[in-house]
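*Asks:* Need the 3D shape of this:
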Amino acid sequence: MFIEQIYTSCLAQGAYYIHSGGEALVIDPLRETQPYLERAERDNVKIKYILETHFHADFVSGHIGLAKETGAQIVFGPHANPSFGFHSAQDGEELKLGNLTIKVLHTPGHTMESTCYLLLDEKNKEIAVFTGDTLFIGDVGRPDLAQKATSMTQEELAGLLYDSLRSKLMTLPDHVIVYPAHGAGSACGKNMSKETMSTIGEQKTGNYALSADMTKEEFIKELTGGLLPPPRYFGANVQMNKTGYNSINEVINRGMNPLIVDTFELLANQTDAIVLDTRNAEDFALGHIPMSIFIGLDGQFAPWVGTLIKDIEQKILLVTDVGREKEAVKRLARVGYDNVLGYLNGGISSWRNSGKICSTVSRITAGQLEQMGEFRGQPIIDVRKPAEFEAEHLELAMSLPLDFIDENFPSYPKSQSFVLHCAGGYRSMIAASILKSKGCNDLVDVIGGYSALSKTSLPKINLICSIAKK
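*Replies:* Down below sits the predicted model:
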């Protein structure tokens, strides 16, 4: 028996590859199929099953492409209704994989078809459970994403999840390993741990949602409170996972289109394409194509693309570090952004060398902000998430989370300069690029974000502590 967790940090997503007795299965694969094909070839095994824990909203799964290339059977739990061939597994059904058994545990709540897969060894001993978005490490799946697909409220779905956890997962032996579909950083839960695996016993003692003395009413209130709206691309990804999509190889081949400067500029000016710059924040600040949007590859690239680029059909022109063009196209395809027209051949250097104008973003250090008194009269905008802001923030800062920058745009100062910061500089540079594209040019970004600001003497407020003292 062999179990491998294939974790993709950008999406905070875990896929799983298991083989036994010459047969293999993959659980919740990413869209690119080559890594799984290579593993199966290396191990001289045949992929028999592709198990899907539910219709994913935060990425395009590789189930359809992998099934076409291997002949493996796609398996969903009860209530799934895709438009392609699949096996509808029933609650309690057992699937054989070499000397192993996979038991199907239907666990509705996150979605109606949500299903966990319990792995038993050749002696029928419970070894591990693959929980999808039903149970995370330290958290559980949010209950609001499936509302449009059902007539149920998020409170009713949360109630179903409460029952699923207690009747199916909390009854498992404490030693059973928990392998979830996501970790910290995913928008599929509220407060996931950075850990990517645990045990049932550890979760019973450390996960609020599995507290033995929590009532259903308390669970529902806790789970539905403070939910932020899901990223815009979630619904489109669900539909792609239900109805199908183009081969990722086709998408990559189409997007790997090198464009000379004049052609790139022509497409940027005469089409509705956006210019997406995927370099790091420092390089973008030093010089970028006017009106381009920054979302760096060295961060949570795909989720922020899905959050901030509203239309999944949006045409995209890429500016990347030389050699990272394919990576950018592939990571866009992971969340369904398939319409890459091409990339700037030679990167930003070719733009500069042709004599084209570059824009810049003004930046200061936290120490400079602390010392330069003239900045204290200017608005300071904190673009972190509300929970981060509540934990601690600068006394003079105003919270305008990046997630809702379009909705918050009227609240940004238009007639005076202002200062932007996030936690470390990645999100504030994204915000700066969007704001500059909308005409807000008189802004300054703080290098190092709140991580650096927290070490200064600038006055700070901790809302959580302030409330506790009251």
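
*Asks:* which SS state does Lys96 fall under?
*Replies:* Of the three states, Lys96 takes strand under DSSP: H, G, I helix; E, B strand; the rest coil.

*Asks:* That one: how many residues sit nearby?
*Replies:* Residues within reach of Lys96, counting by other C-beta atoms under 10 Å, total 13. Where you see a C-beta, it was placed from the backbone N, CA and C, and this is true even at glycine.

*Asks:* is it in a bridge, and if so with what?
*Replies:* Note on Lys96: beta-bridge partners Thr101, judged by DSSP bridges.

*Asks:* I'd like to know how far it sits from Glu69.
*Replies:* Distance, Lys96 to Glu69, by C-beta to C-beta, to the nearest Å: 22 Å.

*Asks:* Also Thr111?
*Replies:* Relative to Glu69, and taking C-beta to C-beta, Thr111 is found at 27 Å.

*Asks:* who's more crowded, those two?
*Replies:* Counted by other C-beta under 10 Å, Thr111 and Glu69 do not tie: Thr111 has more neighbours, with 30 against 15.

*Asks:* pretty sure that one is touching Asp144, no?
*Replies:* No - between Thr111 and Asp144 there is no contact under C-beta atoms under 8 Å: 10.6 Å.

*Asks:* between these two, what contacts are shared?
*Replies:* Common neighbours of Thr111 and Asp144 (criterion: C-beta atoms under 8 Å, 6 or more residues apart in numbering): none identified.

*Asks:* what about the protein, any weak spots by pLDDT?
*Replies:* For the chain, applying pLDDT under 70 flags the ranges 147, 373-376, 463-470.

*Asks:* Mark out where each domain of it begins and ends.
*Replies:* For the chain, automatic domain parsing gives the domain ranges 2-235, 246-353, 362-469.

*Asks:* Count the residues that sit near Gln378.
*Replies:* 17.

*Asks:* Quick check: it touching Leu420?
*Replies:* No - under the criterion of C-beta under 8 Å, Gln378 is not in contact with Leu420, lying 10.8 Å apart.

*Asks:* So which residues of the stretch 251-400 of the chain form helices?
*Replies:* When assigned using DSSP state H, counting those that start in this stretch, the helices of the stretch 251-400 of the chain occupy the ranges 261-270, 281-286, 301-308, 325-333, 347-353, 366-371, 386-391.

*Asks:* In a markdown table, list the ones you listed along with distance to Leu210 and mean neighbour count.
*Replies:* Formatted as a markdown table, these follow (distance: least, C-beta to C-beta, whole Å; neighbours: other C-beta atoms under 10 Å):
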| stretch | distance to Leu210 | mean neighbour count |
| --- | --- | --- |
| helix 261-270 | 51 | 15 |
| helix 281-286 | 39 | 19 |
| helix 301-308 | 26 | 23 |
| helix 325-333 | 34 | 22 |
| helix 347-353 | 49 | 16 |
| helix 366-371 | 40 | 16 |
| helix 386-391 | 22 | 16 |
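
*Asks:* Would you tell me which of those helices gets closest to Thr360?
*Replies:* When these are compared by C-beta to C-beta, helix 281-286 sits nearest Thr360, at 6.3 Å.

*Asks:* okay, the closest one in CSV with CA atoms only?
*Replies:* This file holds the C-alpha atoms of helix 281-286, laid out as CSV (Å, rounded to 0.1, in the frame of the first residue of the first chain):
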residue,chain,number,x,y,z
ALA,A,281,5.9,43.1,-6.4
GLU,A,282,9.2,44.8,-6.3
ASP,A,283,9.9,44.4,-10.0
PHE,A,284,6.3,45.5,-10.9
ALA,A,285,6.8,48.6,-8.7
LEU,A,286,10.0,49.5,-10.5
